[in-house]
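# Can you look at this prediction? I've put the sequence above it.
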Amino acid sequence: MSRASLEIADIFRDHGRAWRDANRGHVSLGQMKVMSAIERCRTAALGGHVARCENDGCGHTVIAYNSCRNRHCPKCQGAAARNWLADREAELLPVPYFHVVYTLPAPIADLAYHNKAVIYDILFRASAEATLTIAADKKRLGARVGITSVLHTWGSAMTHHPHVHMIVPGGGLSDDGERWIACRPEFFLPVRVLSRLFRRLVIEMLLAAHDAGKLAFFGAHAALNAADPFAALLAPLGRSEWVVYAKRPFGGPEAVLAYLSRYTHRVAISNRRLVAADASTVTFKYKDYRVDGPGRFKVMMLATGEFIRRFLSHVLPKGFHRIRHYGMLANGQRTDSLAKARELLAVPAPVAEPEPGQHESDTKQVHPHACPSCGSRMLVIEVFARGSEPSWRSAGGPRPTSVVSRIDTS
């Protein structure tokens, strides 16, 4: 199979059952639910609706199947990202924003595979604490900054590579909340200092989690269930250099939003990176970050089973939040902190957009997208249940001229 429309769903539908049978006992319930959701996404299995242009002279009609809305589905992240970004747009300040990345070293990343909730949480907490602590240091910035942190667990080839991307405004509130303290131009905080504190915090938190019995190890790592071998594994890591880097500030608030739109709701691999799939292999595009220039863009072929395994290795635990806010952007204080920051920066508060009105006489359900043929409204003329096809088509009506495949209607 080699076509522009190749999707993860096609690979799961063609090979998922055989892969699950071959790996019975090694596939978690969460991973099976993700496979099922992706396989059924935007098919008749989830139901949908029929919409027709209200312009009688056009009559353009589409069938739209419901989305699975699973956060690991490559097709279901667009609407979630747009809604999230709309909320964040009102929170942006007219200051430089920096991009900071914290990465777990490979030996700890290996342990995280069977301890995702605990170790990913440690990654979040340690990176946030390191950033907030160094930023608050009077010798550095001396301010309470805000952090939006996004977890990614993959490298470009879908290998296990847990790291967090932080977006941080270049400044923060003073201790008394009466001054805005800006960082130096083009410089946020010293990454070497951040790295050393991050390293210490992660190791301390791992040892505390192990002492509390929150970590479990199996197979080749089973010996780490004992305290001494676990401490021995961490000892050399306390002397090695850990990867933390800060990128130059973005061009402005619009650039921050453009960046966030690429990162916040990304999954391990998007459908557009798929090149081909056959009975035994999957080929996809990836980026080799060890190479500079155009040569970093490469193509990789994996056995289908290995491709599926890599994709599912990035399924997050149920209820685990992969986007978190800290400091002046923490949920409990974000509104007050941003209001104070705008006051100190002499920036007016954003004006909320009014909700579009609706005539009382207009009781028809309107499709979220305008007619692609003439621009008129599309009205929903039928809603059909899960597992059924629309009667509009089965009754012999004209087949749709197009199928809306990116509408989340579930």
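Yep, it's here.
# Tell me if I'm right that Gln31 and Val315 touch.
Yes - between Gln31 and Val315 a contact is recorded at 5.1 Å, counting by Cβ atoms under 8 Å. Where you see a C-beta, it was placed from the backbone N, CA and C, and this is true even at glycine.
# Need phi/psi at the nearest residue to Leu312 once chain neighbours are set aside.
Distances taken as Cβ to Cβ, 6 or more residues apart in numbering put Gln31 closest to Leu312, at 4.5 Å, once the chain neighbours are dropped. Main-chain dihedrals, Gln31, degrees, to the nearest 10: phi -70, psi -40.
# and the strand or helix carrying Lys298, how far out from the chain's middle?
Secondary-structure assignment from DSSP states H and E places Lys298 in strand 297-303. Taking Cα atoms, centre = their mean, to the nearest Å, one finds the center of strand 297-303 at 23 Å from the center of the full chain.
# Give me the contacts around that strand.
The contact list for strand 297-303, computed with Cβ atoms under 8 Å, 6 or more residues apart in numbering, reads 157, 275, 280-288, 310.
# now stretch 21-31
Contacts for stretch 21-31 (Cβ under 8 Å, 6+ apart): 20, 305, 309, 312, 315, 317-318.
# now, which of those sits nearest Arg40?
Among those, Arg20 lies closest to Arg40 (Cβ to Cβ), at 14.9 Å.
# Regarding Ile63, what is its secondary structure?
strand (DSSP: H, G, I helix; E, B strand; the rest coil).
# same check, this time on His325
Assigned by three-state DSSP, the conformation of His325 is strand.
# Need the pLDDT of it.
At His325, the pLDDT value in this model is 94.
# Could you do Ala395 as well?
47.
# same deal with Ala64?
86.
# Hmm, it is touching Ala51, no?
Yes - if you go by Cβ under 8 Å, Ala64 and Ala51 touch, sitting 6.5 Å apart.
# Settle it for me: which of these two has more neighbours?
Ala51 (27 against 24; other Cβ atoms under 10 Å).
# Report the beta-bridge partner residues of that one.
Partner residues in beta bridges with Ala51, using DSSP bridges, are Val62, Val380.
# In contact with it, which residues?
So Ala51 contacts 61-62, 64, 367, 378-381, 404 (Cβ under 8 Å, 6+ apart).
# Local confidence estimate at it?
90.
# likewise Cys374?
Listed pLDDT for Cys374 reads 89.
# hang on, isn't it packed against Asn55?
Yes - using Cβ under 8 Å, Cys374 is in contact with Asn55, at 5.4 Å.
# Am I right that Thr148 sits in a helix?
No - if the criterion is three-state DSSP, then Thr148 is strand and not within a helix.
# Quick one: low-confidence residue ranges for the stretch 51-200 of the chain.
Within the stretch 51-200 of the chain, no range satisfies pLDDT under 70.
# if we can go back for a sec, make a markdown table out of the contacts of Ala51 and add distance to Ile181.
Listed next are the contacts of Ala51 as a markdown table, based on distance: Cβ to Cβ, whole Å:
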| residue | distance to Ile181 |
| --- | --- |
| Thr61 | 58 |
| Val62 | 53 |
| Ala64 | 50 |
| His367 | 49 |
| Met378 | 51 |
| Leu379 | 54 |
| Val380 | 53 |
| Ile381 | 58 |
| Val404 | 49 |
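# how far away is the residue positioned nearest the centre of the chain from Cys53?
Nearest to the mean C-alpha position of the chain, by Cα atoms, centre = their mean, lies His265 at 3.0 Å. Shown here: His265 relative to Cys53, a distance of 31 Å by Cβ to Cβ, to the nearest Å.
# Okay, and the beta partners of Trp154?
Each beta-bridge partner of Trp154 is listed here, defined by DSSP bridges: His160.
# okay, now it: neighbour count?
Here the number of neighbours of Trp154 (other Cβ under 10 Å) works out to 19.
# what's the residue nearest to the centre of the chain in contact with, if anything?
71, 77-78, 80-81, 84.
# Surely His99 touches Phe250?
Yes - the criterion here is Cβ under 8 Å, and His99 meets it with Phe250 at 7.3 Å.
# which residues do those two both contact?
Tyr259.
# ok, back up a step: buried stuff in the strand holding Lys298?
Neighbour counts over strand 297-303 (16 or more other Cβ atoms under 10 Å) mark 300, 302 as buried.
# Equivalent analysis for stretch 374-387, please.
Judged by neighbour count using 16+ other Cβ under 10 Å, the buried positions of stretch 374-387 are 378-379, 381, 384.
# what do you get for stretch 93-102?
Applying 16+ other Cβ under 10 Å to stretch 93-102 flags 93, 95-102 as buried.
# Stretch 130-141 too?
For stretch 130-141, a neighbour-count test (16+ other Cβ under 10 Å) marks 130-132, 134-136, 140-141 as buried.
# for stretch 166-182, same thing?
Here stretch 166-182 shows 166-173, 180-181 as buried, counting by 16+ other Cβ under 10 Å.
# Is the residue nearest to the centre of the chain in a helix, a strand, or coil?
Here His265 takes the coil state, with states given by three-state DSSP.
# thinking again about what came up before, tell me the two of the contacts of His265 that are most distant?
The largest distance within those, taken as Cβ to Cβ, falls between Arg71 and Gly78 and amounts to 12.3 Å.
# Run through the helices of the chain in chain order.
With DSSP state H, the ranges of helices along the chain come out as 8-22, 29-40, 77-89, 106-112, 116-136, 191-211, 227-234, 253-263, 304-312, 334-345, 391-394.
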